[in-house]
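Colleague: any chance you can model this:
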Amino acid sequence: EVVGVTGDGTNDGPALRAGDVGLSMGLSGTEVAKEASDIVIMDDRFASIVKAVMWGRCVFDNIRKFLQFQLTVNVVALVL
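Modeller: Numbers count the residues shown, from 1 in each chain. Model (predicted):
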């Protein structure tokens with residue numbers, strides 16, 4: 001399982017480091033939270049997190065499909 005942690009304050013720093021993915025708020029977040037996190041959300045909206053996760057999953061699926069296609073084509077080319 002992957003754990004994502006969000007935070008914007010100084011006290012959230014250890015939790016942001018401990019999570020698999022740390023997300024901090026860019027507008028209202030402290031510098032400690034921004035440095036401890038992996039991703040800084042520039043507009044401070046949780047809807048942006050949802051959009052980023054959906055986009056990331058789409059990119060991952062497309063890479064997986066591309067690699068499957070390439071492997072299939074290359075195996076067929078070797079057999080012929």
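
Colleague: same for whichever helix in the chain runs longest, what does it pack against?
Modeller: Identified as the longest helix of the chain according to DSSP state H is helix 46-79. Packing partners of helix 46-79 (3 or more CB pairs under 8 Å, 6 or more residues apart in numbering; DSSP states H and E): strand 4-7, strand 39-41. Any C-beta I mention is one placed from the backbone N, CA and C, and that applies to glycine too.

Colleague: any chance of the ones you listed in TSV, with distance to Arg57 and mean neighbour count too?
Modeller: Output for the helices and strands packed on helix 46-79, formatted as TSV (distance: least, CB to CB, whole Å; neighbours: other CB atoms under 10 Å):
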stretch	distance to Arg57	mean neighbour count
strand 4-7	13	19
strand 39-41	15	18
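
Colleague: switch those strands over to TSV; also include distance to Val50 and mean pLDDT.
Modeller: Shown next, in TSV, are those (distance: least, CB to CB, whole Å; pLDDT from 0 to 100):
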stretch	distance to Val50	mean pLDDT
strand 4-7	11	92
strand 39-41	11	92
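
Colleague: those strands into CSV, with extra columns for distance to Val59?
Modeller: Output for the helices and strands packed on helix 46-79, formatted as CSV (distance: least, CB to CB, whole Å):
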stretch, distance to Val59
strand 4-7, 17
strand 39-41, 15
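
Colleague: ok, which of the ones you listed comes nearest Gly13?
Modeller: Smallest distance to Gly13 across those (CB to CB): 7.4 Å, for strand 4-7.

Colleague: now for the closest one, which elements pack on it?
Modeller: Strand 4-7 packs on helix 13-18, strand 21-25, helix 46-79, going by 3+ CB pairs under 8 Å, 6+ apart.

Colleague: now do the second one, average pLDDT.
Modeller: Spelled out, that is strand 21-25. Across strand 21-25, the average pLDDT comes to 93.

Colleague: flag the shaky bits of the chain, pLDDT-wise.
Modeller: The chain contains no residues with pLDDT under 70.

Colleague: ok, back up a step: and the longest helix of the chain, how far from the chain's centre?
Modeller: 15 Å (CA atoms, centre = their mean, to the nearest Å).
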